[in-house]
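[1] quick one, fold the following:
(one chain, ligands or ions: 1)
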Amino acid sequence: MVYQVYLRSFQDSTGNGVGDLEGLRSRLGYLSEVLGVDAVWVSPFYPSPMDDFGYDVADYTAVDPLFGSLEDFDAVVAEAHRRSMAIIVDWVPNHTSSRHPWFQASRSSRSSPKRDWYVWAEATPDGGPPNNWLSVFGGPAWEWDDATGQYYLHSFLPSQPDLNWRNPEVRSAMLETVRFWLDRGVDGIRIDVADYLMKDPALRSNPAAGPAADMFKSRGAYDRFDHIHDKAHPDVHGVFREFRRILESYDGHRVCIGEIHEWDPERWALYFGTNNDELHMPFNFSLLYTPWDVGEVRHRVDSFTADLPEGAWPNHVLGNHDEARLASRFGTERVRAAAMLLLTLRGTPTLYYGDELGMTDVPIPPGEEQDPWGLRVPGLGRDGARTPMPWTDSAGSGFTRPGVKPWLPVGEGVAPVDEQLSDSRSVLGLYRSLLALRRARPALHSGDMRFVDAGRRGVLAYERLAGEDRILVALNFGTEPATLQAAPGAELLLSSHGRTHLRPGPDGSFELAGDEGLVIDLSR
Ligand code: GLC
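    Okay, here's the model as predicted:
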């Protein structure tokens, strides 16, 4: 299981209201002993003007003083390894900060040796941008540079200029930065907007989007186009193959995860590489915005696990720092069944910090919004899902020192970690039980999976199988009780509602409460 730490919001050790590396180190015991996670993915901690909270990198091989020092980072890695956990760092190759010395050199003149390190283009005859590409964060993707009389490309903020990955010097300089972290002992790399690296070399305009509804969340004007030219050019596969070869030249198992926004399962599966020689784990975001409906979820799981190349392993994501909280998307009453889904499907789950508490989106008071996306496109802000982790009920919530104002408000919607820890029926208690079961049962962590007919509409049921180990998972998507036909001899392992005394009827049937999920042992 991969646990995502949004560093700014996990644990502040200095009392400035912002989480940091030493704070993370001090909480590794929670991740290893309380939850038992295998790998921790840490959001960017590199020197940055923080226009996009670290996704605008000004130096790829250093630590921003806000988060600590390289020594602090090494201490995180050492402590994680001592606890047998892997550390995955976030790598932001599509764009740098406009303050990065490379961009400073690039924009200094048309003849700068670094000019071609970024994507510069001439204006159209009427002075407009070279094509119709839009920034994900609103407005055109092109910024006019008066000094040198050309436009530069920024798929995100104007202060996040896109690197030109077609330039071999860029490619080798960036891959060098990966080696820097691998040499320091990191176990994996999460590649930010991995599918954006290569664009159409002719910079052709995108066609208008067809009527086919994008299943993903609405992104305003950006959705008016079919993004076939400003991202996802097939040349990116060569980069990923090279990337994989670099990882494999290191000892141990180093993993590459890619942020891939691709809703077509066949096109998504291509990122594993046709010979399974590219990304180990192109993030599968398909369930993020799937309606909470048995048929839809089943269809999505099927289509994103069916056609993987030989040897590829599925994965599932239900939350991250870019999306509304799971509890706010699906509803708090579904948080438990969603936890069971995430942790019992076949494939690696990624858990976003705080989802194990049932955290909801926190309303941000007017004028305190931080996220540049929300500031540029009202309604699309991500702050609500990035609020500090509540550890205790005391002043500062155990996140920061008493009296210090955290960078975003701490939500009041959920009980903090210490309270949930003392209640095995809490959401955290459920996550702990699920994670323990997942570790203990081969069927759950590495077995095959097949959907079964639960005999009742509104119940999603599937079996996990590994040799003799056989487990049935049943999730009631409805609010009314439902009967599940298991098998004679079946035994309850876990109820999402904490019901411990549930017994099957003589015919092996179980009564599920509304919104309840059950994990049932079929091995005997
Ligand atoms: C990715 C990150 C997001 C960031 C964007 C631009 O989508 O997850 O947080 O804003 O890339 O780097």
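[2] near the ligand at all, stretch 287-299?
    No. Stretch 287-299 lies apart from the ligand when judged by CB under 6 Å from any ligand atom; the minimum separation is 12.6 Å. Bear in mind the C-beta positions are built from the backbone N, C-alpha and C, glycine included.
[3] measure that stretch end to end?
    With CA to CA, to the nearest Å as the measure, stretch 287-299 spans 10 Å from end to end.
[4] mind checking the SS state of the closest residue to the ligand within the stretch 251-400 of the chain?
    In the stretch 251-400 of the chain, the residue that lies nearest the ligand is residue 322 (4.8 Å; CB to the nearest ligand atom). When classified by DSSP: H, G, I helix; E, B strand; the rest coil, residue 322 comes out as coil.
[5] which residue packs closest to it, ignoring adjacent ones?
    Once flanking residues are discounted, residue 322 sits nearest to residue 382: 5.7 Å by CB to CB, 6 or more residues apart in numbering.
[6] what do you get for residue 193?
    Residue 193 sits nearest to residue 94 (CB to CB, 6+ apart), 4.9 Å away.
[7] what do you get for residue 30?
    With CB to CB, 6+ apart as the criterion, residue 30 has its nearest non-adjacent residue at 7.1 Å, and that residue is residue 417.
[8] how many neighbouring residues does residue 367 have?
    Here the count is done by other CB atoms under 10 Å, and residue 367 has 5 residues near it.
[9] ugh, typo on my part, it should be residue 176
    Here the number of neighbours of residue 176 (other CB under 10 Å) works out to 12.
[10] tell me if it really is in a strand.
    No. Counting by three-state DSSP, residue 176 is not found in a strand; it is helix.
[11] now do the same contact list for it.
    Not one residue lies near residue 176 by CB atoms under 8 Å, 6 or more residues apart in numbering.
[12] near the ligand, which residues of the chain?
    52, 55, 92, 156, 192-193, 259, 321-322.
[13] run through the bridge partners of the nearest residue to residue 130 once chain neighbours are set aside.
    Sequence neighbours aside, residue 121 is the residue nearest to residue 130 in space, at 4.0 Å (criterion: CB to CB, 6+ apart). Legend: beta-bridge partners of residue 121 under DSSP bridges are residue 151.
[14] in the stretch 101-250 of the chain, which spans are strands?
    120-121, 142-145, 150-153, 188-191 (DSSP state E, counting those that start in this stretch).
[15] could you dump those strands to JSON lines with mean pLDDT?
    Output for those, formatted as JSON lines (pLDDT from 0 to 100):
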{"stretch": "strand 120-121", "mean pLDDT": "98"}
{"stretch": "strand 142-145", "mean pLDDT": "98"}
{"stretch": "strand 150-153", "mean pLDDT": "98"}
{"stretch": "strand 188-191", "mean pLDDT": "98"}
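[16] hey, which of those strands is tucked in deepest?
    For those, the largest average neighbour count (mean count of other CB atoms under 10 Å) is found in strand 188-191, namely a mean of 24.
[17] using PDB, list the CA coordinates for stretch 12-31.
    This file holds the C-alpha atoms of stretch 12-31, laid out as PDB (Å, rounded to 0.1, in the frame of the first residue of the first chain):
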ATOM      1  CA  ASP A  12       4.900  20.800  11.500                       C
ATOM      2  CA  SER A  13       8.100  20.400  13.600                       C
ATOM      3  CA  THR A  14       9.200  24.100  13.600                       C
ATOM      4  CA  GLY A  15       6.000  25.900  14.600                       C
ATOM      5  CA  ASN A  16       5.600  27.900  11.400                       C
ATOM      6  CA  GLY A  17       2.200  26.300  10.500                       C
ATOM      7  CA  VAL A  18       3.600  24.300   7.600                       C
ATOM      8  CA  GLY A  19       4.500  20.600   7.700                       C
ATOM      9  CA  ASP A  20       8.100  19.600   7.100                       C
ATOM     10  CA  LEU A  21      10.500  16.600   6.700                       C
ATOM     11  CA  GLU A  22      11.400  16.400  10.400                       C
ATOM     12  CA  GLY A  23       7.700  16.400  11.200                       C
ATOM     13  CA  LEU A  24       7.200  13.500   8.700                       C
ATOM     14  CA  ARG A  25      10.100  11.600  10.300                       C
ATOM     15  CA  SER A  26       8.500  11.900  13.700                       C
ATOM     16  CA  ARG A  27       5.300  10.400  12.400                       C
ATOM     17  CA  LEU A  28       6.800   7.400  10.600                       C
ATOM     18  CA  GLY A  29       5.900   5.300  13.600                       C
ATOM     19  CA  TYR A  30       2.300   6.000  12.900                       C
ATOM     20  CA  LEU A  31       2.700   4.900   9.300                       C
END
